[in-house]
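[1] Could you look at this predicted model? Sequence included:
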Amino acid sequence: MSERGLGRGLDHLIEQNATELGFLDAYGPAPEEALGEVFDAACDALEPLKGSRSEDAYEAEGVVLQRVDEGTRMTWTGQSLPLVPSDLSRPGMREGVLSSDRTQAAVIFVDWTHEVRRCLARVVEDRSRVA
């Protein structure tokens, strides 16, 4: 049995795949870009509150969004927030905490899910009722 060329080597294979996988960009943004999109979408969802927005933060009365390495941190304060602890542990959310007296909630949004949109809609509804 004659030995044929066993290929072009690992370096060539890596080089070939590095240049031929550009089509994967069509499947969505890189993880760090996606986290930035979550921040932008959350700010847009809270737009009815007419808060102030900078590149890394959004503030309205009782609500603060901040870009963090893990995603978008939301802190919500007020009297008798319309939440239970499980509302802050849904898909797309991490590290959700509700104070025992329900006056402060904090959560990190890591994905733009239906549950995250619903949570932000509750914030807008609550803040609109208070104002």
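    Perfect, I can see it now. Please read all numbers here as calculations on a predicted model, not as lab measurements.
[2] show me what contacts the spatially most central residue of the chain?
    In the chain, the residue lying closest to the centroid (CA atoms, centre = their mean) is residue 110, at 3.3 Å. Applying CB atoms under 8 Å, 6 or more residues apart in numbering to residue 110 gives the contacts 35, 38, 70-71, 92-94. From N, CA and C alone the C-beta is placed, and that goes for glycine too.
[3] which of those sit farthest apart?
    35 and 93 (13.2 Å; CB to CB).
[4] picking up where we left off before, from residue 104, how far off is the residue nearest to the centre of the chain?
    Separation of residue 110 from residue 104 (CB to CB, to the nearest Å): 20 Å.
[5] Residue 82 too?
    13 Å.
[6] now residue 67
    20 Å.
[7] who has more neighbours, the two?
    Using other CB atoms under 10 Å as the criterion, residue 67 and residue 104 rank with residue 67 on top: 19 against 15.
[8] Parallel or antiparallel, which strands does the helix or strand harbouring that one pair with?
    Element membership for residue 67 (DSSP states H and E) is strand 63-68. Sheet pairing of strand 63-68 (DSSP bridges) gives strand 57-60 (antiparallel), strand 71-77 (antiparallel).
[9] Let's have those in a markdown table, adding mean neighbour count.
    Listed next are the strands paired with strand 63-68 as a markdown table, based on neighbours: other CB atoms under 10 Å:
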| stretch | mean neighbour count |
| --- | --- |
| strand 57-60 | 19 |
| strand 71-77 | 21 |
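[10] Adding distance to residue 115 and mean pLDDT, write these out as TSV.
    As requested, the strands paired with strand 63-68 are exported to TSV (distance: least, CB to CB, whole Å; pLDDT from 0 to 100):
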stretch	distance to residue 115	mean pLDDT
strand 57-60	19	94
strand 71-77	13	94
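[11] Of these, which is nearest residue 100?
    Residue 100 lies closest, by CB to CB, to one member of those: strand 71-77, at 14.1 Å.
[12] What are the buried residues along the next helix-or-strand element following that closest one?
    Proceeding N to C from strand 71-77, the next assigned helix or strand is strand 93-98, under DSSP H and E. For strand 93-98, a neighbour-count test (16 or more other CB atoms under 10 Å) marks 93, 96, 98 as buried.
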